[in-house]
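Trainee: Generate a structure from the sequence data that follows.
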Amino acid sequence: MKDLYERLQVRLDEMATGYPATPTGVEIRLLKQLFAPEHAELFLDMTTTAETPREVSQRTRRDLEETARMLEDMALKGLLFRLRGDGTPKYFAIPLIVGIYEFQVNNLDKTMLKNISEYYLTGLGGSFHSLKTPHLRTIPINTEMISKWPVASYDDAAAIIAGKDRIAVAPCLCRMAVRMYGKGCDHSLETCMQFDSFADYYVDNSMGRYISKEEAFSILERNRKEGLVIQTANSKEVEAMCACCSCCCGMLISLKLFPAPAREVKSNYSCVIDDASCTGCGTCVTRCPVAATELADEKAYMIPDRCIGCGLCVSTCPTSSRSLERKPGDRIYSPPDTFFDTFDVMTEEKSENKG
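Mentor: Next comes the predicted model:
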């Protein structure tokens, strides 16, 4: 019979991006650092449907008071997601990525980073790159650079912010991790935004702070100036918005390694160049996070299979020679309604891959 942490590994491997076993057992070492035994036992009894402490205690035949205490303790440690809703908290199980790891803002240390790095290279990376549905989407930094309208609200960063009731900002976990080793870049740290129930979770867990829409727009503009790629949770409602750099952020670093990053992202736009007005200044080459632009004969030219549609090169082109075009209709991607729906789609894909 498998021991507790082996059973926990199997349970997490059933969810969304997965949690495969490896020959070195690094996945077990990581779980032992994250989960106390009693928390591991309770996680195994949790479902991906939000439940109150009373519902969990009745279903699992546990003491109500102890169940409520443990559920909240696990939520505060980033091991379960918490919804407050009408005031009664509800809890449910979440995958390692995006989920448990991203919620370790206050718990990062070098041991955890060493384990997660080793695990990504030996098992985890292959698991979530094997799925058709990614957990993040790249969207244009500014819709004014798009040549033809309309633009879907979930592809418009400003519209996403404008439509939210509650907004929180938190430090970029990727840049935090790299800086722990005395490395990293000069980009701002407080760049990533969460919305509504995700914002509540981050603030309740002291991982971020509420901000006004005005400050959110200011942060978005600062992210544009710094050349950060906007990647949102892969859903229409957009519960979170990351601002990624290709020097620290895991997803962009991975994308750069692919021969055709455009095929790996769910972006509805790609960049085009007006050759007549391009002066070959090279600004776009240095601005592009995935090396999708090169210079030849004093002109810039695109490598279409590398363009992820972020628009960072468009926003700084001094001759306005570049614009974003909407992809053909048969290549337009419509994401699931909520991020939790995306988890369900990814879980189904995992099951089909194993079948």
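
Trainee: can you pull the contacts of the residue lying closest to P261 once chain neighbours are set aside?
Mentor: Leaving aside its sequence neighbours, P261 sits nearest to L255 (CB to CB, 6 or more residues apart in numbering; 4.3 Å). C-beta coordinates here come from the backbone N, C-alpha and C atoms, glycine included. L255 makes contact with S246, P261, E264, V265, V290, I308 under the criterion CB atoms under 8 Å, 6 or more residues apart in numbering.

Trainee: just E14 next, same as before
Mentor: E14 neighbours (CB under 8 Å, 6+ apart): T347, K350, S351.

Trainee: Format the residues you listed as JSON lines; extra columns: distance to F128.
Mentor: JSON lines is the format used below for those (distance: CB to CB, whole Å):
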{"residue": "T347", "distance to F128": "12"}
{"residue": "K350", "distance to F128": "9"}
{"residue": "S351", "distance to F128": "14"}
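
Trainee: Tell me the one of those nearest T122?
Mentor: Checking these against T122 by CB to CB gives K350 as the nearest, at 18.1 Å.

Trainee: Torsion angles phi and psi at the closest one?
Mentor: Note on K350: its backbone torsions stand at phi -60, psi -40 [degrees, to the nearest 10].

Trainee: From D337, how far out is the nearest residue to V98 once chain neighbours are set aside?
Mentor: In space, and not counting its chain neighbours, V98 is closest to H135: 4.8 Å by CB to CB, 6+ apart. From H135 across to D337, the span is 15 Å (CB to CB, to the nearest Å).

Trainee: can you check N107 too?
Mentor: From N107 over to D337 (counting by CB to CB), the distance is 31 Å.

Trainee: Closest to the centroid, which residue in the chain?
Mentor: L136 (4.8 Å; CA atoms, centre = their mean).

Trainee: just checking, it touches I230?
Mentor: No. At 9.9 Å, L136 and I230 do not qualify as touching, with contact defined as CB atoms under 8 Å.

Trainee: shared neighbours, those two?
Mentor: In contact with both L136 and I230: C242, using CB under 8 Å, 6+ apart.

Trainee: returning to what we had before: show me what contacts the residue nearest to V98?
Mentor: Contacts of H135 (CB under 8 Å, 6+ apart): A16, T17, I97, V98, F128, A233, N234, F339, T342, M346.

Trainee: And what about the first one, helix, strand or coil?
Mentor: At A16, secondary structure determined by DSSP: H, G, I helix; E, B strand; the rest coil is coil.

Trainee: mind listing what it touches?
Mentor: So A16 contacts P95, I97, G99, F128, H135, T342, F343, M346, T347, K350 (CB under 8 Å, 6+ apart).

Trainee: Am I right that the second one is in a helix?
Mentor: Yes. According to three-state DSSP, I97 belongs to a helix.

Trainee: Could you pull up the residues touching it?
Mentor: A16, T17, L124, F128, H135.

Trainee: Can you show me the helices along the stretch 251-355 of the chain?
Mentor: 283-287, 339-354 (DSSP state H, counting those that start in this stretch).

Trainee: wait, what's in contact with I273?
Mentor: Taking CB under 8 Å, 6+ apart as the test, what I273 contacts is A300, Y301, M302, S321, R322.

Trainee: now with 6 Å?
Mentor: A300, M302, S321, R322 (CB atoms under 6 Å, 6 or more residues apart in numbering).

Trainee: Apply the buried test to the contacts of H135 and list what passes.
Mentor: A16, T17, I97, V98, F128, A233, N234, F339, T342, M346 (16 or more other CB atoms under 10 Å).

Trainee: Give me the pLDDT value at the third one.
Mentor: Read it as I97. For I97, the model assigns a pLDDT of 89.

Trainee: thinking again about what came up before, test my guess that the residue nearest to the centre of the chain contacts V229.
Mentor: No. Taking contacts as CB atoms under 6 Å, L136 lies outside contact range of V229: 9.9 Å.
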